[in-house]
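> 3D, please:
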Amino acid sequence: MSRFLNLSAPAVLLASAFGADNPLKEAETPAGPGSGPELCQVAVLRNGFTIEYLRREVAGPATRLWLCGGAGAGYAEIASQQIERFEESRGTVPPAPAVPASVPETAATGDSPLDRPFRNLIASAALRYQIDPDFVASVVKAESGFNSTAVSPKGAQGLMQLMPETAAKLGADDVFDPATNLGAGTKYLRQLLDQFAGDAVKALAAYNAGPQRVEQYGGVPPYRETRAYVTRIIDDYNRKKLQQQANPPAAPGGK
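Residues are numbered from 1 along each chain as shown. Below is the predicted model:
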């Protein structure tokens, strides 16, 4: 399975580029004004994922990476021990997420019994729209806590909290039917990933705040709810991937 997020590490924290209040030791600073455009660099993490950043700063045991992507991109703060090395950027956008030709029934590896009734449905929808099922499961967990009858104060409904107008555009007639809701929500997530060139952070922000807000701010909007939402999903997804790396499945026949 190809790696889905280019932003992946334990306890990834997104924050606005404005109003930082922690004293930082600057480890790398971009060239000053007039010395040319800032170039994105790449931090390679021990779990195999990468983060593209403009500059990095050290804050105690953590390293703060100011993200590429224009206004509103903010920063990711990760434990320095999780960073293996820094490289020059290859200047490419990470590809859209992909999944294998077939997805096993247990592909959506949530750690809560609440998701178990929906694992096969999540895996099926994820395969149909070529998204890592673990990522879809993390979105469902953040949206509804795997409650298929959930209704938000704003009127979002079902497992993936679809607004009525969005559900109608996606052809979801019965949003409280788990298969219908998961299919429509995953399709919408796929559309957002395509719209934002495979950028999972922007796609998540758009799922929460609307794609027009992401376009407006050139990245994650400066809304506390949206930033917390994106962070929560990335944290959950990354934690599952780290657990999978620490506990790989046994080879067939015990080999």
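> Can you mark which positions in stretch 168-175 are buried?
Using 16 or more other CB atoms under 10 Å as the test for burial, stretch 168-175 gives Leu170, Ala172, Val175. No exception for glycine: its C-beta is placed from N, CA and C like everyone else's.
> Domain parsing of this structure, as residue ranges.
Domain ranges of the chain: 14-88, 113-241, per automatic domain parsing.
> Give me the mean pLDDT for the longest one.
Domain 113-241 carries an average pLDDT of 93.
> would you list every one of the helices in this protein?
All helices of the chain, identified by DSSP state H, fall at 119-128, 133-144, 164-169, 178-195, 200-209, 211-217, 224-246.
> Can you add distance to Lys154 and give these back as TSV?
Converted to TSV, the helices of the chain look like this (distance: least, CB to CB, whole Å):
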stretch	distance to Lys154
helix 119-128	23
helix 133-144	12
helix 164-169	10
helix 178-195	16
helix 200-209	11
helix 211-217	15
helix 224-246	11
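> before we move on, the earlier item: go through the domains of the chain and pick out the most buried.
Each of the domains of the chain was given a mean neighbour count from mean count of other CB atoms under 10 Å, and the largest, a mean of 20, is that of domain 113-241.
> Turn the domains of the chain into a markdown table, columns for distance to Pro249.
Formatted as a markdown table, these follow (distance: least, CB to CB, whole Å):
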| stretch | distance to Pro249 |
| --- | --- |
| domain 14-88 | 17 |
| domain 113-241 | 14 |
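> of those, which approaches Asn247 most closely?
domain 113-241 (10.9 Å; CB to CB).
> ok now do Val44, which residues does it touch?
Residues near Val44 by CB atoms under 8 Å, 6 or more residues apart in numbering: Thr50, Ile83, Glu84, Arg85, Phe86, Glu87.
> Tell me the one of these nearest Asp132?
When the contacts of Val44 are compared for distance to Asp132 (CB to CB), Thr50 wins out at 16.0 Å.
> which residue packs closest to Ile51, ignoring adjacent ones?
Once flanking residues are discounted, Ile51 sits nearest to Ala43: 4.7 Å by CB to CB, 6 or more residues apart in numbering.
> Same question for Arg232.
Here the residue nearest Arg232, using CB to CB, 6+ apart, is Ala142, at 5.2 Å.
> Kindly provide the distance from that neighbour to Thr63.
Relative to Thr63, Ala142 is positioned 26 Å away (criterion: CB to CB, to the nearest Å).
> do Pro222 as well
For Pro222, the distance to Thr63 - CB to CB - is 23 Å.
> Same question for Asn147.
In terms of CB to CB, Asn147 sits 37 Å off from Thr63.
> And for Val151?
As judged by CB to CB, Val151 and Thr63 stand 41 Å apart.
> One more: Ser138?
For Ser138 relative to Thr63 (CB to CB), the value is 24 Å.
> and if you look at Arg190?
Distance from Arg190 to Thr63, by CB to CB: 32 Å.
> Equivalent analysis for Tyr207, please.
Taking CB to CB, one finds Tyr207 at 28 Å from Thr63.
> same deal with Leu182?
Per CB to CB, Leu182 is found 37 Å from Thr63.
> Isn't Thr149 up against Asp177?
No: with contact defined as CB atoms under 8 Å, Thr149 does not count as touching Asp177 (10.6 Å).
> which residues are common contacts for the two?
If you check Thr149 and Asp177 against CB under 8 Å, 6+ apart, no residue is contacted by both.
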